[in-house]
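Colleague: Mind looking at a prediction? Sequence and model below.
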Amino acid sequence: ETGVTQTPRHLVMGMTNKKSLKCEQHLGHNAMYWYKQSAKKPLELMFVYSLEERVENNSVPSRFSPECPNSSHLFLHLHTLQPEDSALYLCASSQGSSTSTDTQYFGPGTRLTVL
Amino acid sequence: AQKITQTQPGMFVQEKEAVTLDCTYDTSDQSYGLFWYKQPSSGEMIFLIYQGSYDEQNATEGRYSLNFQKARKSANLVISASQLGDSAMYFCAMREGYNTDKLIFGTGTRLQVFP
């Protein structure tokens, strides 16, 4: 596998379910990101991890819980979601240099539907 | 405040023609980076091209070039010799200076290439 992979690609869940999204990067990067993309809205940054430490939490509700066990893997644990949480969830990674040149590379996303 | 504006919700172009997608930005920082991403219907955000605020020449990557006009705070993407596979959403993004992991995205432009 190359680049950034995400599983599952599609997920349908009820409001009482617990599920997890997985992201894996094969680029040797040090930083990983979760974004939410809702219809007709700009991408929203949710979480940033640098060297496995969370450095950004963009006022995300606690029903979203990230986990970064190592620099190659990132999870987003979901519980008691709301229908308005239905969106495309994108994972990205970068070198993590925190400079203006640091380029983020994205995975294919998980399309989540909450019933 | 940092902001990206893409004023064209949709654009049409005929195959083999060139097309320009507009992007203006607002920042008070002297050091920043500008990025363009392509998002096909499959969902993945594909990095296309990068322009640094101190770069004196416009960035080019194959058929993609960035028309960077610093004084006007614009960073338009030019796609030459359009192909049917170029049909997608295109997002402009900006990252400011140092010690930041935030990438701010515009609302995107949907490009449709017709035969």
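Modeller: Cool, the structure landed.
Colleague: burial of B:Gln69, as a residue count?
Modeller: Residues within reach of B:Gln69, counting by other C-beta atoms under 10 Å in any protein chain shown, total 11. C-beta here means a position set from N, CA and C on the backbone, and glycine is covered the same way.
Colleague: and it, what does it touch?
Modeller: Going by C-beta atoms under 8 Å, 6 or more residues apart in numbering or on different chains, B:Gln69 touches B:Ala75, B:Asn76.
Colleague: What's opposite A:Glu67 in the beta bridge?
Modeller: A:Phe75 (DSSP bridges).
Colleague: isn't it right up against A:His77?
Modeller: Yes - with contact defined as C-beta atoms under 8 Å, A:Glu67 counts as touching A:His77 (6.4 Å).
Colleague: The helix or strand encompassing B:Ala93: what's the following helix or strand?
Modeller: According to DSSP states H and E, B:Ala93 maps onto strand B:88-96. As assigned by DSSP H and E, the chain's next helix or strand after strand B:88-96 is strand B:104-105.
Colleague: which SS class is residue 77?
Modeller: I went with chain A, as the question did not name one. Remark: A:His77 carries the secondary structure label strand [criterion: DSSP: H, G, I helix; E, B strand; the rest coil].
Colleague: wrong one, chain B
Modeller: strand.
Colleague: ok, it - contacts?
Modeller: B:Thr20, B:Leu21, B:Cys23, B:Trp36, B:Leu48, B:Ile49, B:Tyr64, B:Ser65, B:Leu66, B:Asn67, B:Tyr90, B:Cys92.
Colleague: For ChimeraX, write the selection for the buried entries among those residues.
Modeller: To isolate the buried subset of the contacts of B:Leu77 in ChimeraX, counting by 16 or more other C-beta atoms under 10 Å in any protein chain shown, use the following:
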select /B:21,23,36,48,49,64,65,66,67,90,92
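Colleague: now, which of the contacts of B:Leu77 sits nearest A:Ser59?
Modeller: Distance to A:Ser59, by C-beta to C-beta, is smallest for B:Cys92 among those, at 23.9 Å.
Colleague: I figured A:Ser72 was touching A:Lys22, is that so?
Modeller: No - in this structure A:Ser72 lies outside contact range of A:Lys22 using C-beta under 8 Å: 11.1 Å.
Colleague: that older thread, any idea of the mean pLDDT in the strand holding B:Ala93?
Modeller: Strand B:88-96 shows a mean pLDDT of 93 in the predicted model.
Colleague: export that strand as CSV, just CAs?
Modeller: What follows is strand B:88-96, C-alpha atoms only, in CSV (Å, rounded to 0.1, in the frame of the first residue of the first chain):
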residue,chain,number,x,y,z
ALA,B,88,-13.7,17.4,-10.2
MET,B,89,-13.9,19.8,-7.3
TYR,B,90,-10.9,22.0,-6.9
PHE,B,91,-9.9,23.5,-3.5
CYS,B,92,-7.5,26.4,-2.7
ALA,B,93,-5.9,26.3,0.7
MET,B,94,-3.5,28.4,2.7
ARG,B,95,-1.2,27.7,5.6
GLU,B,96,0.4,30.6,7.5
